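**Student:** Next input, structure requested:
(one chain, ligands or ions: 1)
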Amino acid sequence: MTDTTTVVNPATEAPLAEVPRRGVEETDETVARSLAAGPGWRAVAPADRARLLRRFAALVEEQGEDLAQLETANVGKAIGDSRDEVGMAAEVLYFYAGAVDKHRGATVPVAGGVDMTFHEPLGVVAAVVPWNFPIAITSWKVGPALATGNTIVVKPAEITPLTALRLAELALDAGIPEGVLQVVPGRGSVVGTRLVEHPDVAKVAFTGSTEVGREVMSRASGTVKRVTLELGGKSASVVFADADLERAAAATPGGVFANAGQDCCARSRVLVQRTVLERFLELLTDAVAQWTVGDPTDPAVKMGPLVTAAHRRVVEGFLAPGMGVPGGGAVEVFATGSVPEGPGFWFPPTVVAPADPGWRMAREEIFGPVAAVIPFDDEEDAVRLANDTPYGLSGSIWTGDGARALRMARAVHSGNLSVNSHSSVRVQTSFGGMKQSGFGRELGLEALASYSDVKNVFVSTDD
Ligand code: NDP
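**Tutor:** Numbers count the residues shown, from 1 in each chain. Presented below is the predicted three-dimensional model:
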């Protein structure tokens, strides 16, 4: 009998699908097919490879609504978010289709001959993808990997494999040859580990927790694999007294509660200058009240449930008495929203204010809709608090002073910052972490570098 995972709808707790849970042997067979498909894929002329990727992108667009409904059913995310993420996946494929014949080498002035560089594909790439943005993050890895001539094996999170499996079908429909893009559903501890250790896998592109990222890096060392790691975050949104407070407060729920807070870029620390704390909290309370939670298929809803009951228990744990609060007391909830009754892994948007920067909820990645509002005194204090974390992925700076915005943007140790905005991710711009949020860059033209090796060739012109 085939071993399967029951994939569940987090909003209804109803089973959605039974998906085979692949083992080591099947993973090895998949890698062997990927390796065998490599020479053929590399031989496809660049303009034709670009054409195939464009056709793939067009199919993702055409199937957009079905893919978005599937993502919402599997992850519980608001349908508006799923539509945006599927749209982004198509845009990513178009972007990298356009990059196929623009990722050029160089000629280098040297004595005695001509020196040139080539960007060579790595071979078989393994993409290990988490459950929070399944289709979007899959596309971030598939697009540049295929554009640069690699073949790719995707391991989706065991609980959210549905859109990745559909993507692989669409790639075939687009005419991308068999074996070039494959998806192996299964457990991280089985399929993921095998891919990371497999001698024929040249690179692992991992997104997930810092804990597993460390393990991936360590296991990959056995075969000196290339590794890129996009890991956790504890990002800060820094609100200065000179900011447009109405705008900053109105945007704050989107910065931390989007995708029910299950976002590595969630601004789960909201640092507010003490002189405007009271006013900001008033405005934030109104904004939280408008953050609608409910049936994620309803386009008016901004937030669905958490992904599993087990994950909800983890999130609840951050607010339980004794969780890092001196004396063992409970954290004080300042504002909270409401959630539907009945089945579903619901958790309300929650604001804790004022929070102490030493509390566990202010230090660890919660991955739930919980914001810790922390007061600060001046710019120096804001920089100190923003950087007081082992992570460095994202963040926002809210100020009306352009010079301060630039000073802060340079001083905060984070891979992606936005000024007077909560946006982190764009197809055209690089995305990735500093410190323990990982290394390597996804998206933008920068991603191409981590899916290729530079080869240097010197040709003597001596007689
Ligand atoms: P994980 O890091 O465990 O999972 C991410 C991916 O890695 C999944 O596909 C998982 O497979 C796979 N994986 C797990 N173990 C291994 C392994 N030993 N070798 C290779 N691959 C492996 O994240 P979780 O889903 O467990 O989430 C836990 C926490 O991590 C969250 O609460 C959050 O704090 C953080 N996180 C951060 C993300 C980010 O975007 N930076 C994304 C997801 C989580 P499988 O799921 O099948 O076990």
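
**Student:** From now on I want contacts and neighbour counts done on CA atoms only, so please keep to that.
**Tutor:** Fine.

**Student:** pLDDT averaged over the helix or strand hosting P375 - what is it?
**Tutor:** The secondary structure element spanning P375 is strand 370-376 (assigned by DSSP states H and E). For strand 370-376, the per-residue pLDDT values average out at 97.

**Student:** Direction included, what does it pair up with?
**Tutor:** For strand 370-376, the paired strands and their directions (DSSP bridges) read strand 269-273 (parallel), strand 350-352 (parallel).

**Student:** Of all those, which one is nearest H103?
**Tutor:** H103 sits nearest to strand 269-273 of all those, at 38.6 Å, using Cα to Cα.

**Student:** show me what contacts T27?
**Tutor:** Contacts for T27 were tallied using Cα atoms under 8 Å, 6 or more residues apart in numbering; they are 184, 191, 194-195.

**Student:** Kindly reformat those residues as CSV containing neighbour count and secondary structure.
**Tutor:** Compiled in CSV, those are given as follows (neighbours: other Cα atoms under 10 Å; DSSP: H, G, I helix; E, B strand; the rest coil):
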residue, neighbour count, secondary structure
V184, 24, coil
V191, 24, helix
R194, 18, helix
L195, 29, helix
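
**Student:** what distance separates the start and the end of stretch 212-227?
**Tutor:** Taking Cα to Cα, to the nearest Å, stretch 212-227 runs 13 Å from one end to the other.

**Student:** How about the residue positioned nearest the centre of the chain, nearest residue that isn't a chain neighbour?
**Tutor:** With distances taken as Cα atoms, centre = their mean, the residue of the chain nearest its centroid is I137 (5.6 Å). The spatial neighbour of I137 that comes closest, neighbours along the chain excluded (Cα to Cα, 6 or more residues apart in numbering), is V129 at 6.6 Å.

**Student:** What pLDDT does the model give the one you found?
**Tutor:** In this model, V129 is scored at 98, pLDDT.

**Student:** Tell me the spacing between the residue in the stretch 1-150 of the chain that the ligand sits nearest to and I159.
**Tutor:** The stretch 1-150 of the chain approaches the ligand most closely through P130 (4.1 Å), counting by Cα to the nearest ligand atom. Noted for P130: a distance of 9 Å to I159, by Cα to Cα.

**Student:** from memory W359 sits against M323, does it?
**Tutor:** Yes - assessed by Cα atoms under 8 Å, W359 is found in contact with M323 at 7.3 Å.

**Student:** shared neighbours, the two?
**Tutor:** Common neighbours of W359 and M323 (Cα under 8 Å, 6+ apart) do not exist.

**Student:** tell me the contacts of A287?
**Tutor:** Taking Cα under 8 Å, 6+ apart as the test, what A287 contacts is 249-250, 252-253.

**Student:** How is it assigned, secondary-structure-wise?
**Tutor:** In terms of secondary structure, A287 is helix; the call rests on DSSP: H, G, I helix; E, B strand; the rest coil.

**Student:** Sketch out the low-pLDDT regions of the protein for me.
**Tutor:** By pLDDT under 70, the low-scoring segments of the chain are 1, 324, 326.

**Student:** Return the residues of it in contact with the ligand.
**Tutor:** Proximity of the chain to the ligand, by Cα under 6 Å from any ligand atom, involves residues 128-132, 155-158, 186-189, 192-193, 207-209, 212, 216, 230-232, 263-264, 365-367.

**Student:** Now do the nearest residue to G400 once chain neighbours are set aside: how many residues are near it, please.
**Tutor:** Taking Cα to Cα, 6+ apart, and ignoring the residues beside it in sequence, G400 has A243 as its nearest neighbour in space, at 4.8 Å. Applying other Cα atoms under 10 Å, we find 18 other residues in the vicinity of A243.

**Student:** Helix or strand: which one has R51?
**Tutor:** Remark: R51 resides in helix 46-62, with elements defined by DSSP H and E.

**Student:** In that helix, which residues are buried?
**Tutor:** For helix 46-62, burial by neighbour count (16 or more other Cα atoms under 10 Å) applies to 46, 49-61.

**Student:** continuing past the strand holding P375, what's the next helix or strand?
**Tutor:** Tracing the chain C-terminally past strand 370-376 and defining elements by DSSP H and E, one meets helix 379-386 next.

**Student:** who does that following helix touch, helix- and strand-wise?
**Tutor:** Using 3 or more Cα pairs under 8 Å, 6 or more residues apart in numbering; DSSP states H and E as the contact criterion, the secondary-structure elements in contact with helix 379-386 are strand 236-239.

**Student:** rerun at 10 Å
**Tutor:** Helix 379-386 is packed against strand 236-239, strand 269-273, strand 370-376, helix 402-411, with contacts defined by 3 or more Cα pairs under 10 Å, 6 or more residues apart in numbering; DSSP states H and E.

**Student:** Next one: A258 from the ligand, what distance?
**Tutor:** 13 Å (Cα to the nearest ligand atom, to the nearest Å).

**Student:** List the contacts of the closest residue to that residue other than its chain neighbours.
**Tutor:** Computed as Cα to Cα, 6+ apart, the closest residue to A258 that is not its neighbour in sequence is M303, at 6.5 Å. With contacts defined as Cα atoms under 10 Å, 6 or more residues apart in numbering, M303 is in contact with 76-81, 254, 257-261, 291-296, 339, 346-349, 369.

**Student:** Show me the helices in the protein, by range?
**Tutor:** Using DSSP state H, the helices found in the chain span residues 24-43, 46-62, 64-75, 79-99, 134-147, 162-173, 193-197, 210-220, 245-257, 277-289, 309-317, 379-386, 402-411.

**Student:** Buried deepest among these, which one?
**Tutor:** Mean neighbour counts were taken over the helices of the chain using mean count of other Cα atoms under 10 Å, and the top value, a mean of 26, falls to helix 134-147.

**Student:** roughly how far is stretch 440-453 from the heart of the chain?
**Tutor:** Averaging C-alpha coordinates over stretch 440-453 and over its chain gives two centres that are 15 Å apart (Cα atoms, centre = their mean, to the nearest Å).

**Student:** Can I get it as PDB, trimmed to CA atoms?
**Tutor:** Taking C-alpha atoms only, stretch 440-453 is exported to PDB below (Å, rounded to 0.1, in the frame of the first residue of the first chain):
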ATOM      1  CA  GLY A 440      22.300  34.100  -1.200                       C
ATOM      2  CA  ARG A 441      19.800  36.200  -3.100                       C
ATOM      3  CA  GLU A 442      16.600  35.200  -4.800                       C
ATOM      4  CA  LEU A 443      14.700  37.200  -7.500                       C
ATOM      5  CA  GLY A 444      16.000  40.000  -9.600                       C
ATOM      6  CA  LEU A 445      19.000  39.400 -11.900                       C
ATOM      7  CA  GLU A 446      21.100  38.600  -8.800                       C
ATOM      8  CA  ALA A 447      19.500  35.200  -8.500                       C
ATOM      9  CA  LEU A 448      21.100  34.000 -11.700                       C
ATOM     10  CA  ALA A 449      24.500  34.100 -10.100                       C
ATOM     11  CA  SER A 450      23.500  31.400  -7.500                       C
ATOM     12  CA  TYR A 451      22.300  29.000 -10.200                       C
ATOM     13  CA  SER A 452      25.500  29.100 -12.300                       C
ATOM     14  CA  ASP A 453      29.200  28.800 -11.900                       C
END
